[in-house]
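S.K.: The sequence and its predicted three-dimensional model are supplied below.
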Amino acid sequence: MDFSLTAEQAELRDSVLRFTRGRLLPREGAEEDGFRRDLWEAMAEFGILGLAVPVDRGGSGLGVTTTTVAMEALGLGGADSGLLFSLHAHLWSVMMPLLTFGAEDQVERYLPGLMGGRMVGAHGMSEPGSGSDAFSLRTRAERDGDDYVLNGTKTFVTNAPVADLFLVFATVNPSRGFWGVTAFLLEKDTPGLQVSPPFEKMGLRGSPMGEVVLQDCRVPATQRLGEEGQGSTIFNHSMIWERGCILGSTVGRMGRQLEQTVQYAKDREQFGRPIGDFQLVAARIADMRMRLETCRLLLYRTAWAHEAGEPTGLHAAMAKTWISEAAVASAMDAVKVHGGYGYMEEFEAARDLRDAVGGTLYSGTSEIQRLIIARELGLDPR
């Protein structure tokens, strides 16, 4: 069992770290400014948006594990977590489904813009009345000749206010349950598609989120992604990618947080000595390190399983649950070690805590992940 990076992976990690520290560090107060398209285009220029895209499609053709190394380096380098959240929504919930299920003309039409930074993708599944019960959606898609007519509302749509392309899920037949769910590609100027202003969120403020309303939205059948009723397969495919790779930048962020907290504990003095010399402070930081190591093991175990062709549902659910909850716990520890300064916006500790809370909610709540884990063990929780 070898836990070391290959030469290629180590080189990529160092390259992404240099790029992130040179180009992606947010300016002061940047998280309040919303989406930074200049940073988005910088990531595309560097090649971040094409890491997992096959070489014959113009990408780097990297495997899941190596891509995860790059995602961790983005978080470790200090890129704004909101920007990275938008990146993950774009890559794993729009680009990968397009590559896997898209018709050739769809891939040729949209992939260059999505990979080149000229387009931003958004993924619409959640609705005002359906969150964890994702497939109880009410958005309808009715066939009308060569078109479909979509009606419904999607909410909590990451990137919606700045998106150029929407991957939207609707049902063609509610009586068929998830077998009726179908996916569609909608361009932002599609008649009948309306997007709300950005929501005000607790954290991840560099990632805009909004509501998408579809009102008699006529979509050519050629804009359907995959076949009718294949929406659940497409959605689950994107979640496997997202629940694995999205956690890479979270683990990287935890590494950066640990480095900053250790340095602060060495520099900050109370009662004539560094606060890191006090046992309770040192023990808190030790807990942060242990969480980081266990998170990294779960992260790369999931990536390995994905790459090896093994079922990843159990691994992804365990990684998603543990890493997201560990990130909140470590962010809270960082705030406490920093004391009053940790509560101030000028320090990253406060922002990290607000950003980390979202991880227990998006891409399936911790409660849902625990149900997935239990069912993988042969239980039937209801």
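M.R.: That came through fine. Numbering: from 1, shown residues only.
S.K.: Which parts of the stretch 101-250 of the chain are helices?
M.R.: 104-116, 231-267 (DSSP state H, counting those that start in this stretch).
S.K.: Return the most buried member of these.
M.R.: helix 231-267 (a mean of 22; mean count of other C-beta atoms under 10 Å). To be clear about C-beta, it is placed using only N, CA and C from the backbone, and glycine gets the same treatment.
S.K.: Report the rounded mean pLDDT for it.
M.R.: Averaged across helix 231-267, the pLDDT comes to 89.
S.K.: any idea how far it is from the chain center?
M.R.: Offset of helix 231-267 from its chain centre (C-alpha atoms, centre = their mean, to the nearest Å): 9 Å.
S.K.: Could you point out the helix or strand that follows it?
M.R.: Downstream of helix 231-267, the first helix or strand assigned by DSSP states H and E is strand 269-270.
S.K.: least trustworthy helix or strand in the protein by mean pLDDT?
M.R.: helix 231-267 (a mean of 89; mean pLDDT, DSSP states H and E).
S.K.: remind me which residues of the protein are low pLDDT?
M.R.: Along the chain, segments meeting pLDDT under 70 span 27-33, 131-135, 243-244.
S.K.: what ranges do the strands span in it?
M.R.: Taking DSSP state E to define them, one finds strands in the chain at 121-124, 140-144, 147-158, 165-171, 181-187, 193-195, 209-220, 224-225, 269-270, 273-274.
S.K.: related to what we said a few turns ago, what is the orientation angle of the least confident helix or strand of the chain with strand 181-187?
M.R.: Per axes from the mean of the first three to the mean of the last three C-alpha atoms, to 10 degrees, the angle that helix 231-267 makes with strand 181-187 is 70 degrees.
S.K.: how much does helix 231-267 deviate in direction from strand 140-144?
M.R.: Using the same axes, to 10 degrees: helix 231-267 against strand 140-144 is 140 degrees.
S.K.: could you give the angle of helix 231-267 to strand 165-171?
M.R.: Relative orientation of helix 231-267 and strand 165-171, computed by the same axes, to 10 degrees: 130 degrees.
S.K.: Would you mind listing the buried residues in stretch 216-229?
M.R.: 217, 219, 223, 224, 225, 226, 228, 229 (16 or more other C-beta atoms under 10 Å).
S.K.: okay if I get the helices of the stretch 101-250 of the chain as TSV plus distance to residue 5?
M.R.: Below are the helices of the stretch 101-250 of the chain laid out as TSV (distance: least, C-beta to C-beta, whole Å):
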stretch	distance to residue 5
helix 104-116	25
helix 231-267	13
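S.K.: Compare those helices and give me the one nearest residue 333.
M.R.: With C-beta to C-beta as the measure, helix 231-267 is the member of the helices of the stretch 101-250 of the chain nearest residue 333 (7.5 Å).
S.K.: Next, the contact list for residue 73, please.
M.R.: Residue 73 makes contact with 12, 13, 14, 16, 17, 20, 252, according to C-beta atoms under 8 Å, 6 or more residues apart in numbering.
S.K.: Out of the residues you listed, which end up buried?
M.R.: Taking 16+ other C-beta under 10 Å as the criterion, what is buried in the contacts of residue 73 is 12, 13, 16, 17, 20, 252.
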